[in-house]
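>>> Next one to model:
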Amino acid sequence: MPKGKPAPVVRPGEFVFAAVGLDHAHIGGMINGLLEAGATLKYLFDPDKAKMEVYKKMFPQARIASCEEEVLSDPEVRLVASACVPSERCALGLRVMDAGKDYFADKPPLTTLEQLESAKKKAERTGRKYAVYYSERIHNEEAVFAGELIKKGAIGNVIQTIGLGPHRLSADLRPDWFFVKKKYGGILCDIGSHQVEQFLYYTGASDAAVVRSQIANYAHPQHPELDDFGDCMLVVDNGASGYFRVDWFTPDGLSNWGDGRTFILGTEGFIELRKYMNLGEKSGSRVYLANNKEETSFDVRGKVGFPFFGQLILDCLNRTETAMKQEHAFKAAELAIKAQLMAEKIK
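Residues are numbered from 1 along each chain as shown. Model (predicted):
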């Protein structure tokens, strides 16, 4: 659960939210990010009482709701955050928006193109937000800092990104739904959505085409519906290209859940993000920059913060789109789903 510098944008009680659907541990980061931005957590709800008790210990200020309807009918609640089973996120979001509240879903925010169309239509009809927790960019200081460097023109125009998203599987700790493709959406739909979102964001593109994508199950025959490897190549509407690889092969000897990295090539330099660790060092993550003026590295941990959450709160209050445009959030999900659907199974 990433922790940053508290930067409240509202006073206590001015922005009340709830967490419904606690199936993925990302919900802890989502809650904490909103709390650090000044939001007030009123409710926790999940059909599994054991999950509610776990998060009640983490966030004792919250009430345990008796049912979903108690949350949706409360006029104080402005936003509902959820990390329920991926295939169920859209249906919950539709109910939340129908109740006149904004929705904040873990990634992937949905798992099919049919769900995507339903979410788009509901968001347009109700005027409610369907925000997405693309945590590998919005809840990572190195990724946030890279975006600031690009906006300042540090590497010119971005012409390519390479994203590496390895994860530790820890199969014995995963719930049953994690291995059912209809429920988790496939590796490119799921953790691949992080990579697609970063690609669109850093290139400044509004759309892209999937050139080629691949999936495999190299080492987990006991879980036949698991993709333990996937990669994809994309080209965006402004001509930039991207490649990413995601996998479940982080070895147990690594000190972190995954050595995630991003390489961003510009017309006047490049940036490398070592987002969660710097292999072989205890000093943590790094941002590396080389351009026509300098070659340098930055240790930004604890210095940049996570502005997304405060921006999202103010967007909900002011009906603006500062944190992330709705079109962008949906487009990243759409391309990840299309990459999954188009993927050639190579193993």
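
>>> The residue nearest the centre of the chain: what's its closest spatial neighbour, skipping adjacent residues?
For the chain, the residue lying nearest the average C-alpha position, counting by Cα atoms, centre = their mean, turns out to be Tyr134 (1.6 Å). Of all residues beyond its chain neighbours, the one nearest Tyr134 is Glu197 (4.3 Å), with distances taken as Cβ to Cβ, 6 or more residues apart in numbering. Where C-beta positions appear, they are placed from N, C-alpha and C, glycine not excepted.

>>> from what I can see that neighbour touches Ala332, true?
Yes. When contacts are counted by Cβ atoms under 8 Å, Glu197 is listed as touching Ala332 (3.8 Å).

>>> shared neighbours, these two?
132, 134 (Cβ atoms under 8 Å, 6 or more residues apart in numbering).

>>> What separation do you get for the residue nearest to Tyr134 and Gly147?
Note on Glu197: its distance to Gly147, by Cβ to Cβ, to the nearest Å, is 12 Å.

>>> The two: who's more crowded?
Remark: of Glu197 and Gly147, Glu197 carries more neighbours, 26 against 19, as counted by other Cβ atoms under 10 Å.

>>> Give me the below-cutoff pLDDT ranges for the protein.
Across the chain, residues meeting the criterion (pLDDT under 70) sit at 283.

>>> 80 - rerun?
Within the chain, the set of residues satisfying pLDDT under 80 comprises 1-5, 280-284.

>>> how's it carved up into domains?
In terms of domains, the chain is parsed into 16-133, 137-306+337-345 (source: automatic domain parsing).

>>> Export those domains as a markdown table, with columns for distance to Asn318.
As requested, the domains of the chain are exported to a markdown table (distance: least, Cβ to Cβ, whole Å):
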| stretch | distance to Asn318 |
| --- | --- |
| domain 16-133 | 11 |
| domain 137-306+337-345 | 19 |
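
>>> now for the lengthiest helix in the chain, which elements pack on it?
Longest helix in the chain by number of residues, with DSSP state H as the criterion: helix 326-342. Helix 326-342 makes packing contacts with helix 113-126, strand 130-133, helix 192-203, strand 208-216, strand 229-236 when contacts are defined by 3 or more Cβ pairs under 8 Å, 6 or more residues apart in numbering; DSSP states H and E.

>>> chain center to that helix, what's the gap?
Distance, stretch centre to chain centre, for helix 326-342: 13 Å (Cα atoms, centre = their mean, to the nearest Å).

>>> who does the next helix or strand after it touch, helix- and strand-wise?
Heading C-terminal from helix 326-342, the first helix or strand you meet, by DSSP states H and E, is strand 344-345. Under the contact criterion of 3+ Cβ pairs under 8 Å, 6+ apart, strand 344-345 touches strand 208-216.

>>> Run me through the strand neighbours of the strand it packs on, direction for each.
strand 229-236 (antiparallel), strand 344-345 (parallel) (DSSP bridges).

>>> Could you list the buried residues of the longest one?
Buried positions in strand 229-236, judged by neighbour count with 16 or more other Cβ atoms under 10 Å: 229-232, 234-236.

>>> picking that back up, dump the strands paired with strand 208-216 to JSON lines, plus distance to Ser118.
Written out in JSON lines, the entries for the strands paired with strand 208-216 read as follows (distance: least, Cβ to Cβ, whole Å):
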{"stretch": "strand 229-236", "distance to Ser118": "25"}
{"stretch": "strand 344-345", "distance to Ser118": "28"}
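
>>> For Ile155, find the nearest of those.
Taking Cβ to Cβ as the criterion, strand 229-236 is the member of the strands paired with strand 208-216 that comes nearest to Ile155, at 16.5 Å.

>>> okay, the angle between the closest one and helix 192-203?
With axes from the mean of the first three to the mean of the last three Cα atoms, to 10 degrees as the criterion, the two stretches strand 229-236 and helix 192-203 enclose an angle of 30 degrees.

>>> Enumerate every residue touching the residue nearest to the centre of the chain.
Going by Cβ under 8 Å, 6+ apart, the list of residues near Tyr134 reads 107, 193-194, 197-198, 324, 329, 332.

>>> now, among these, which is nearest to Ile162?
Checking those against Ile162 by Cβ to Cβ gives Gln198 as the nearest, at 10.4 Å.

>>> Surely the closest one and Glu142 touch.
No. Here Gln198 does not reach Glu142: they are 11.4 Å apart, not a contact under Cβ under 8 Å.

>>> what's the distance between the residue nearest to the centre of the chain and Asp46?
For Tyr134, the distance to Asp46 (Cβ to Cβ) stands at 23 Å.

>>> What residues does the residue nearest to Tyr134 make contact with?
Residues in contact with Glu197, defined by Cβ under 8 Å, 6+ apart, are 107, 132, 134, 137, 328-329, 332.
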